[in-house]
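*Asks:* using only what follows, build the 3D model:
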Amino acid sequence: MRFELRKQKILQLLLQNEELSVAEAASQLDVSDITIRRDFAQLEKENLLKRTHGGAMAMAESPVISFQLKDLKNAEAKIEIGKKAAQFVKDGDVIFIDCGSTTLQMCPFIKELKVKVITNSLPVLNALVGSKCSVNLIGGEYDPQRQAMHGKMAEWHIQQYHATKAFIGADAIDENQNLWANSEKEAEISHAMIQNSEQVYVLADSSKFGKKSYLKFCQNLEKVTFLSEG
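*Replies:* Numbering: from 1, shown residues only. Okay, here's the model as predicted:
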């Protein structure tokens with residue numbers, strides 16, 4: 001089991017129980033005590049838990065933790081989708097990556113590629129530190145809940161670039177494959193990325209399909225490819 005998936009499961013267990021022993025975590029995740037201790041140490045460095053004697057306890061909930069816990073029940077699907085999306089990235093590409101929790105899962109699979117990444121997501125930036133990717137963080141107003149940059153300045157920044165590919169998420173995809181978002185600020189960023197890229201890949205697990213949300217932001221499907229699990 002990859003660290004990112006173990007991380008999500010550990011945070012979920014802490015959300016449910018507040019405290020978690022090394023032995024219990026090892027049993028739940030079917031890994032060794034040594035692996036769990038190493039994971040606890042890493043998560044403490046990320047300010048996601050506090051180690052105790054023989055275990056760990058939850059930190060007070062923060063926007064960072066909220067982002068990490070988003071849609072935990074679909075964590076395995078998101079990793080699968082992220083890996084699938086990474087197969088479409090080639091050396092020399094210029095790509096947009098939005099601030100979704102699914103698009104974030106691409107990062108471990110593109111770290112060895114020489115590509116230019118333009119993103120509004122701080123987690124994407126952090127995930128690609130030390131990689132062969134060149135990363136440009138879009139400017140704008142910081143949204144702590146999404147750990148991302150939004151607003152008119154962010155839209156303007158996106159419009160200055162031409163990307164070969166954009167990798168975005170959607171909160172809902174209806175029966176006609178129109179894309180929907182839960183907020184105007186996220187819809188505006190996604191729309192700008194679509195408008196300024198040659199090809200668009202929409203990363204969405206199966207729970208997002210056959211639904212509508214607050215705001216429709218894309219109904220031109222000529223350059224859109226949908227990527228899901230399975």
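
*Asks:* please make it C-alpha for all contacts and neighbour counts, starting now.
*Replies:* OK.

*Asks:* packing partners of the lengthiest helix in the chain?
*Replies:* When the chain is parsed with DSSP state H, its longest helix is helix 3-17. Judged by 3 or more CA pairs under 8 Å, 6 or more residues apart in numbering; DSSP states H and E, the packing partners of helix 3-17 are helix 22-29, helix 33-45, strand 55-58, helix 75-86.

*Asks:* what's the closest of these to Lys152?
*Replies:* helix 75-86 (28.0 Å; CA to CA).

*Asks:* just the strands in this structure please.
*Replies:* 19-21, 49-52, 55-58, 94-97, 116-119, 134-137, 141-143, 148-150, 163-168, 172-173, 179-181, 197-203, 215-218, 224-227 (DSSP state E).

*Asks:* okay, buried residues for the last one please.
*Replies:* I take that to be strand 224-227. For strand 224-227, burial by neighbour count (16 or more other CA atoms under 10 Å) applies to Val224, Phe226, Leu227.

*Asks:* and Tyr142, bridged to which residues?
*Replies:* Met149 (DSSP bridges).

*Asks:* how many other residues sit next to it?
*Replies:* 16 (other CA atoms under 10 Å).

*Asks:* got the confidence number for it?
*Replies:* With respect to pLDDT, Tyr142 scores 94.

*Asks:* go ahead and confirm it touches Met149.
*Replies:* Yes. If you go by CA atoms under 8 Å, Tyr142 and Met149 touch, sitting 4.6 Å apart.

*Asks:* which residue ranges make up each domain of the chain?
*Replies:* 3-68, 74-227 (automatic domain parsing).

*Asks:* distance from the shortest one to the middle of the chain?
*Replies:* Looking back up the chat, that one is domain 3-68. 19 Å (CA atoms, centre = their mean, to the nearest Å).

*Asks:* repeat that for the longest one.
*Replies:* Relative to its chain's centre, domain 74-227 lies at 9 Å (CA atoms, centre = their mean).

*Asks:* before we move on, the earlier item: just want the angle from the longest helix of the chain to helix 75-86.
*Replies:* Taking axes from the mean of the first three to the mean of the last three CA atoms, to 10 degrees, one finds helix 3-17 and helix 75-86 inclined to each other by 150 degrees.

*Asks:* show me which residues of helix 3-17 are buried.
*Replies:* Glu4, Arg6, Lys7, Gln8, Lys9, Ile10, Leu11, Gln12, Leu13, Leu14, Leu15.
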